[in-house]
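J.: with the sequence up front, the predicted model follows.
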Amino acid sequence: MTLSRITGLLYYTTGKFLLNLSAARQFHPAYLRLYSVQSQKARKSPVKENDSLLENLVNLGVDIKMVRRRQPGVLRKLITNEHGLARFLQGKGAAKETVASIISRYPRAITRSHDHLEERWRLWRNIFKADSEIVKIVERSPESFFRSSDNDNLEKNIAFLSSLGLTAKDLHRLLTTAPRTFANSVELNQQMVELLQDICFSLGGKQPDHFVKQIISRNVYILIRSTKRVRTNIEFLQKAFNLTDEELLNLLQGHGAEILDLSNEYVKRNFKSAEQKLQSLGCTQKDVKNFILFYPPSLYASPETLKNKIDCLLGANVDIRQILDKPRVLDFSIDTVRSRIKELEKAGYDFKKNGIAILDSSRKRFEAKLERLSVVPEE
DNA sequence: CGCACCGGGATCTGCCATTGCG
DNA sequence: CGCAATGGCAGATCCCGGTGCG
């Protein structure tokens, strides 16, 4: 949690904001603007915070400082439903502290009526089997659950996403891992789906629906990205590698789907640095293209990580060609690779002679293999 | 049995800016 | 104007094991 980072930045006493300047300096100047605007308003505004509401929240264990920082307007409301919300969530199995944390992080939750909550929960239960699943998500991301007050929209979203032919399992995974998708307006979700369909068509694809399903199930975050981001990334991929329509279509339906998430600049930066790194090791333009197409996650890795991993392998007397052929060794964390290399060196393993596939296996398989190596030493 | 190939699963919010309404 | 609603952004991998083949 990043909450503690900000706690201590603003202190609120008797209607006036005081700033801890030494802490504020590390942050954005916007905080300074916020300070002056808020203090002016606090003086002018006739609307005071609702004292009994404040008391209720304190009793529920809510972090008032956090609420003031996030949604100060909520504290001035005359009609709220904090107790109803607390009862509701506890009835669904949430602990007291969970409820307090939820309200602290998304104060507007207390403005939702009982009927609204019942209805929203009922709709979520279309996807989830147990209340406990929903509680876990609301606890993780209160904003996803509460930000929109439009239950009709939620219903339409569920209908729309189902109509795409996603399986119940896909839908479940989508709502579990990217709950914000369901807080989007249907129109926004439709726009993304249309964008993907258009891309499929323009690349000569014959099954746009299948294409969309494929991408969503490969990348459940796609619907919470902007169409601008996705479009720009796709255009970049096609241009950077001079891809044929078919190559791009295949890339997007495979591992390429994941890299659509990345910010546009990040994709470009990672591409440049991967390209540079490989070229410095004597790889041709074609090698670079093959490597990235064959192993798109390389664009996901930060320049530092990718470079470190490659250097680590080269340092263990692995040839860059071997990495190009088996890029999935790069899947593993650098710590894992390092410790495996160390163990293999102890066993006298020669990567040049025996290949590096051994590095690219699950822990169980690696250990089993190492076992065999030590039982039957080579030569 | 050992290996190569490959697909899949986990993971992802909390903040800011803008808009439009009453 | 103040607030609610909502769009958008930055952040930056690792691992497991099924299956089919020789």
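T.: Nice, thanks for sending it over. For clarity, every value in this text was computed on a predicted model and none was experimentally measured.

J.: report how many residues lie close to A:D261.
T.: 17 (other CB atoms under 10 Å). The way it works is simple: take the backbone N, C-alpha and C, and place the C-beta from them, glycine included.

J.: wait, it touches A:I222, no?
T.: Yes: with contact defined as CB atoms under 8 Å, A:D261 counts as touching A:I222 (7.3 Å).

J.: where along the stretch 101-250 of chain A do the helices fall?
T.: A:114-124, A:131-140, A:142-146, A:151-163, A:168-177, A:186-202, A:208-218, A:227-241, A:245-253 (DSSP state H, counting those that start in this stretch).

J.: identify the residues contacting the nearest residue to A:F291 once chain neighbours are set aside.
T.: Leaving out its chain neighbours, the residue that sits closest to A:F291 by CB to CB, 6 or more residues apart in numbering is A:L324, at 5.4 Å. Neighbour list for A:L324: A:C283, A:D287, A:N290, A:F291 [criterion: CB atoms under 8 Å, 6 or more residues apart in numbering].

J.: ok, so of those, who is nearest A:R87?
T.: Checking these against A:R87 by CB to CB gives A:F291 as the nearest, at 56.9 Å.

J.: can you tell me the element the closest one falls in?
T.: Element membership for A:F291 (DSSP states H and E) is helix A:285-294.

J.: is DNA strand B within reach of the next helix or strand after that helix?
T.: Using DSSP H and E, the helix or strand that directly follows helix A:285-294 along the chain is helix A:303-315. No: applying CB under 7 Å from any atom of the strand, one finds helix A:303-315 separated from DNA strand B by no less than 14.7 Å.

J.: so what secondary structure elements neighbour helix A:303-315?
T.: Packing partners of helix A:303-315 (3 or more CB pairs under 8 Å, 6 or more residues apart in numbering; DSSP states H and E): helix A:264-280, helix A:320-325, helix A:334-346.

J.: can you redo these as TSV with mean pLDDT and distance to A:S362?
T.: Putting those into TSV (pLDDT from 0 to 100; distance: least, CB to CB, whole Å) gives the following:
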stretch	mean pLDDT	distance to A:S362
helix A:264-280	91	26
helix A:320-325	93	20
helix A:334-346	92	11
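
J.: quick one: which of the helices of the stretch 101-250 of chain A is nearest A:N317?
T.: helix A:227-241 (30.7 Å).

J.: helices and strands around that closest one, which ones?
T.: helix A:186-202, helix A:245-253, helix A:256-259, helix A:264-280, helix A:285-294.

J.: anything in it near DNA strand C?
T.: Yes: Helix A:227-241 lies within reach of DNA strand C by CB under 7 Å from any atom of the strand, at A:T227, A:K228, A:R229.

J.: which non-adjacent residue is nearest the first one?
T.: Using CB to CB, 6+ apart and skipping the chain neighbours, the partner closest in space to A:T227 is A:L195 (4.8 Å).

J.: show me the contacts for the one you found.
T.: A:T227, A:V230, A:R231.

J.: can you name the residue of the stretch 251-379 of chain A nearest DNA strand C?
T.: Relative to DNA strand C, the nearest point of the stretch 251-379 of chain A is A:S263 (3.2 Å; CB to the nearest atom of the strand).

J.: can you count the residues close to that residue?
T.: Other residues close to A:S263 by other CB under 10 Å number 12.

J.: likewise the one 5 residues further on?
T.: Counted with other CB under 10 Å, the neighbours of A:K268 add up to 16.

J.: does it touch A:L237 like I think?
T.: No: between A:K268 and A:L237 there is no contact under CB under 8 Å: 10.6 Å.

J.: what is the burial count for A:Q191?
T.: 15.

J.: cool, A:A95 as well?
T.: 12.

J.: same deal with A:I356?
T.: Count around A:I356 with other CB under 10 Å applied: 22.

J.: how close does it get to A:I234?
T.: 32 Å (CB to CB, to the nearest Å).

J.: A:I222 now?
T.: 12 Å.

J.: so for the two, which sits in the more crowded spot?
T.: Each of A:I222 and A:I234 has its neighbours counted (other CB under 10 Å); A:I222 has more, 24 against 20.

J.: what's near enough to touch that one?
T.: A:M192, A:L196, A:I215, A:I216, A:V230, A:A257, A:L260, A:D261.

J.: quick check: closest non-adjacent residue to the third one.
T.: What that stands for is A:I215. What sits nearest to A:I215 in space, not counting adjacent residues and going by CB to CB, 6+ apart, is A:A257, at 4.8 Å.

J.: and the fifth one, by the same measure?
T.: Distances taken as CB to CB, 6+ apart place A:L260 nearest to A:V230, at 5.1 Å, with adjacent residues excluded.

J.: mind listing what that neighbour touches?
T.: The contact partners of A:L260, by CB under 8 Å, 6+ apart, come to A:I215, A:N219, A:I222, A:R225, A:R229, A:V230, A:N233, A:I234, A:L252.

J.: most neighbours, which of those?
T.: Highest neighbour count within these, by other CB under 10 Å: A:L252, with 28 neighbours.

J.: how much space separates that residue from A:L174?
T.: Distance from A:L252 to A:L174, by CB to CB: 18 Å.

J.: with A:V267 instead?
T.: From A:V267 to A:L174 the distance is 23 Å (CB to CB).

J.: ok, A:I137 next?
T.: 12 Å.
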